[in-house]
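Here's my sequence, what's the structure:
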Amino acid sequence: MAKAPQAGRSKTRLCPPLAPDEAAALSAAFLRDTTENLAEAARRAPIAAYAAYAPQGTEDLLRAGLAPGTGLVLADGSVPMPEGVEGFGRCLLHALDGLFDLGHPAACLLSSDCPTLPTDILVEAARLLLQPGDRAVLGACADGGYYLLGLKARHAALFTGIAWSTDTVAEATRARARGISLPLVELPPWYDVDDAASLARLRAERDGYVAPATRGVLARLGGTARVAPRLTA
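Presented below is the predicted three-dimensional model:
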């Protein structure tokens, strides 16, 4: 899930401690690292990477900062949606529909705010979705949201009546899955970077994907940023 990096419109919850242009630079680095991480995972599993983006008209701005081979899918929520699918849920379901329309047998909605997410988790999500039978795959965040939701079919109930950007998103998604008897497999928890506390955690991160673009921006911004080791298990 991607938004074109623009000062004053990207990662605004990081301002402060960052200035708007610094937050936009970090957002661009997150996108680059996320798509490079997907490219690495694709060498180990049948994964096709896309940036599900908004707003329309920012394709060139986005494409310039993505890993080579990353496709684009519009996900601005502008198409008709089932009743009860509102806010960010419209963008998520729009992205999911776009991926299924391209003929993929499964799709993962992935946050671009987790630049150090271990590659192994992406590979495991693909492995689970390739197994027979319908299911959801959920990667929950410590703040109550989720960094990944993988599906093998369009289940609009998972996006209906959700209070987005709150600490109840992951639990509400689990409840929706139970309500439609959809098996749900959980991935290891991780975190997304959307405030000063999670930015500090990112600076101290020693595990996960190396995220070179992000580390480069953090180094230029100063502070305690250090390069994390690459884990390739």
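
Residue 149 bridge partners, please.
With DSSP bridges as the criterion, the beta-bridge partners of residue 149 are residue 109, residue 138.

dump the residue contacts of it.
By CB atoms under 8 Å, 6 or more residues apart in numbering, the contact set of residue 149 is 92, 108-109, 136-139, 158, 173. C-beta coordinates here come from the backbone N, C-alpha and C atoms, glycine included.

Please repeat the previous calculation with a cut-off of 10 Å.
92, 96, 107-111, 125, 136-140, 155, 158-159, 169-170, 173, 177, 184 (CB atoms under 10 Å, 6 or more residues apart in numbering).

quick one: contacts of stretch 170-184?
When contacts are defined by CB under 10 Å, 6+ apart, stretch 170-184 is touched by residues 133-147, 149, 151-153, 155-164, 166, 168, 186, 189.

Now the buried members of those.
Buried positions within those, assessed by neighbour count (16 or more other CB atoms under 10 Å), are 135-141, 143, 145-147, 149, 151-152, 155-160, 162, 164.

Out of the residues you listed, name the ones that lie in helices.
Residues of the buried ones among the contacts of stretch 170-184 located in helices (DSSP state H): none.

Just the ones of those in strands?
Judged by DSSP state E, strands contain the following of those: 136-140, 146-147, 149, 151.

okay, those in a markdown table with pLDDT and distance to residue 19 next?
Listed next are these as a markdown table, based on pLDDT from 0 to 100; distance: CB to CB, whole Å:
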| residue | pLDDT | distance to residue 19 |
| --- | --- | --- |
| 136 | 98 | 39 |
| 137 | 98 | 37 |
| 138 | 98 | 35 |
| 139 | 98 | 31 |
| 140 | 98 | 31 |
| 146 | 98 | 29 |
| 147 | 98 | 26 |
| 149 | 98 | 32 |
| 151 | 98 | 38 |
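
which among these gets closest to residue 70?
Checking those against residue 70 with CB to CB, the nearest one is residue 147 at 18.1 Å.

Quick check, the closest one in contact with residue 137.
No. Here residue 147 does not reach residue 137: they are 11.4 Å apart, not a contact under CB atoms under 10 Å.
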